[in-house]
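Chemist: dropping the sequence and predicted coords here.
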Amino acid sequence: MAKMWAGRFSKEVDETVNAFNSSISFDGRMYRHDIQGSIAHATMLGKCGIIPEEDSVKIIKGLREILDDIESGKLELDMTAEDIHMFIEAELTKRYGDTGKRLHTSRSRNDQVAVDIRLYLRDEIEEIRKLTAELVKELCGIAEKNTDTIMPGYTHLQRAQPITLAHHMMAYGQMLLRDLSRLADTAERMNVNPLGSCALAGTTYPIDRFMTSELLGFREPMVNSLDGVSDRDFCVELACALSLLMTHLSRFSEEIIMWCSWEFKFIELDDAYATGSSIMPQKKNPDITELIRGKTGRVTGDLVTLLSMLKGLPLAYNKDMQEDKEAIFDAIDNVKLCLKTFIPMIGTMKINKENMRNAAAKGFINATDCADYLVKKGMPFRDAYKITGQLVALCIEKNETLETLPLEEYRNFTDLFDKDVYTAISLETCVNQRNSYGGPSPEAVKVQIEKTRTSLAEAMS
Ligand code: ARG
């Protein structure tokens with residue numbers, strides 16, 4: 001495709017260089033937003049008398065036709081074009097001659113691309129927020145059905161204290177709500193208009209940047225034209241929010257991988273969301289979750305790409321910045337894919353309540369409660385802690401658990417023990433009495449579910 005900047009040059013650009021330089025293979029996806037930005041620009045040019053009103057009208061009509069033709073498949077993107085911006089402008093000129101050539105008055109690709117990415121990312125963030133909200137809703141549903149599903153809570157992956165599956169789900173619910181709010185903050189901060197920054201130093205034409213801001217739904221024009229074309233902090237910020245979201249999904253995935261192992265057997269994935277092995281007939285593998293865990297590294301990599309790309313750049317635009325798109329698009333694509341598979345996967349998994357409970361019944365998970373029993377009878381906590389430790393050692397030696405150890409053995413340590421110790425250390429008591437705000441008891445978790453649902457509705461309103 002002929003270059004618009006060919007005037008200064010005496011030769012055509014080398015083919016390899018052209019391919020190296022071109023970004024249309026990946027920025028082509030922004031065609032809609034490029035046209036949206038150009039329509040606003042053309043409207044403003046006409047209204048401000050910078051180009052004749054009838055040219056503005058014709059340009060807008062032409063841009064709409066191009067949009068329709070791309071959407072219907074009638075017009076294919078030319079992969080030899082330098083980028084999507086050049087392609088659309090050239091197509092407009094092909095169709096409308098001199099009128100088309102007036103579109104780029106008082107504009108540079110530098111502010112054009114800065115507008116396009118913002119418009120594009122604004123839409124994508126909305127979609128990712130909707131998916132994340134769907135996941136939170138799914139978690140609330142699972143939690144509601146499992147407020148009394150007892151399972152072990154772990155520290156260091158060692159059984160620690162009993163909790164409920166609902167409690168565990170609502171922990172992720174809270175993390176995801178923070179992801180939602182981080183994404184909203186990012187969208188809010190990036191929603192300002194760089195158009196009119198032009199190449200870097202604004203323009204001598206009497207443009208109206210407030211008008212284009214309003215037309216494009218931006219809060220206001222960016223205050224400084226150099227800043228308008230130089231920074232990609234909004235891509236970094238989004239990549240960071242997405243990396244954190246992926247990190248949460250990755251930790252959750254890791255747990256699901258463990259939970260569906262034969263060693264745990266806490267859950268079973270639906271056949272539609274698991275895969276088999278090419279050699280071992282017995283296998284049912286949690287590939288989705290492993291891919292999510294793996295892709296988390298990739299999204300973090302996108303964040304690092306963006307940060308490293310920016311850190312040495314003098315103001316204003318540098319071609320290095322073209323590298324922003326592949327990184328942020330990759331992060332977005334992968335997050336969406338992960339959410340779209342993760343949501344139905346956890347929505348269809350079978351929960352093996354009995355195995356969860358059995359796992360909680362082992363491993364002296366009620367030892368803290370045994371110590372607390374003595375504290376409630378007047379013993380200082382440190383002494384109660386020590387005695388309980390000795391009781392655990394004794395149980396291990398005798399192949400007993402705290403539930404099965406005879407009362408005489410208890411009383412050999414202190415006669416504060418009575419037969420009510422068995423109720424005090426039963427799993428149900430351990431969970432039901434953990435009633436502190438934020439705790440795992442059914443009562444406490446119901447409050448969390450309620451609060452999560454309210455916060456979710458607020459976040460999405
Ligand atoms: N394709 C370019 C990018 O994505 C558009 C901006 C080009 N600007 C320039 N001065 N060469 O960054």
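Modeler: Good, I have the coordinates.
Chemist: drop to CA atoms for contacts and neighbour counts, all remaining ones
Modeler: Noted.
Chemist: and the contacts of stretch 187-198?
Modeler: Under the contact criterion CA atoms under 8 Å, 6 or more residues apart in numbering, stretch 187-198 has outside partners 106-112, 114-115, 118, 122, 125, 202-203, 207, 209, 212-213, 218-222, 224-226, 228-229, 234.
Chemist: what about the ligand: which of these touch it?
Modeler: With the criterion set as CA under 6 Å from any ligand atom, the members of those near the ligand are 109-110.
Chemist: quick one, which of the contacts of stretch 187-198 are buried?
Modeler: Buried residues within the contacts of stretch 187-198, counting neighbours by 16 or more other CA atoms under 10 Å: 106-112, 114-115, 118, 122, 125, 202, 207, 209, 212-213, 218, 220-222, 225-226, 228-229, 234.
Chemist: residue in this protein nearest to the ligand?
Modeler: Across the chain, the shortest distance to the ligand (CA to the nearest ligand atom) belongs to residue 322, at 3.6 Å.
Chemist: quick check: phi and psi on that residue?
Modeler: Backbone torsions of residue 322, given as degrees, to the nearest 10, read phi -60, psi -20.
Chemist: and it, what is it in contact with?
Modeler: Shown in contact with residue 322 (CA under 8 Å, 6+ apart): residue 23.
Chemist: pLDDT score for it?
Modeler: Looking at residue 322, its pLDDT is 98.
Chemist: ok, it to residue 208 distance?
Modeler: Per CA to CA, to the nearest Å, residue 322 is found 27 Å from residue 208.
Chemist: what do you get for residue 175?
Modeler: 42 Å.
Chemist: try residue 453
Modeler: In terms of CA to CA, residue 453 sits 43 Å off from residue 208.
Chemist: swap in residue 226?
Modeler: Taken as CA to CA, the span from residue 226 to residue 208 is 17 Å.
Chemist: just residue 303 next, same as before
Modeler: Residue 303 sits 35 Å away from residue 208, going by CA to CA.
Chemist: which helix or strand lies directly C-terminal to the helix or strand hosting residue 254?
Modeler: Following DSSP states H and E, one finds residue 254 within helix 233-259. Downstream of helix 233-259, the first helix or strand assigned by DSSP H and E is strand 267-268.
Chemist: so for that next one, mean pLDDT?
Modeler: Per-residue scores along strand 267-268 average to 96.
Chemist: quick one: check the next helix or strand after that strand for contact with the ligand.
Modeler: Scanning forward in sequence from strand 267-268 by DSSP H and E, the next helix or strand is helix 287-310. No - Helix 287-310 does not reach the ligand (CA under 6 Å from any ligand atom); its nearest approach is 12.2 Å.
Chemist: for the biggest helix by length in the chain, buried residues please.
Modeler: Counting residues, the longest helix found in the chain (DSSP state H) is helix 109-145. If you call a residue buried by 16+ other CA under 10 Å, then helix 109-145 has these buried ones: 109-122, 124-126, 128-129, 131-140, 142-144.
Chemist: repeat for stretch 398-417
Modeler: Buried residues in stretch 398-417 (16+ other CA under 10 Å): 401-403, 405, 407, 410, 417.
Chemist: same list, those, but as CSV with secondary structure, pLDDT and distance to residue 337 please.
Modeler: What follows is those, written out as CSV (DSSP: H, G, I helix; E, B strand; the rest coil; pLDDT from 0 to 100; distance: CA to CA, whole Å):
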residue, secondary structure, pLDDT, distance to residue 337
401, coil, 92, 46
402, coil, 92, 47
403, coil, 91, 47
405, coil, 94, 51
407, helix, 95, 56
410, helix, 95, 55
417, coil, 96, 56
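Chemist: turn those into CSV, columns for distance to residue 20.
Modeler: Output for those, formatted as CSV (distance: CA to CA, whole Å):
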residue, distance to residue 20
401, 69
402, 70
403, 71
405, 75
407, 80
410, 78
417, 79
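Chemist: does residue 159 belong to a helix, a strand or coil?
Modeler: Three-state call for residue 159 (DSSP: H, G, I helix; E, B strand; the rest coil): strand.
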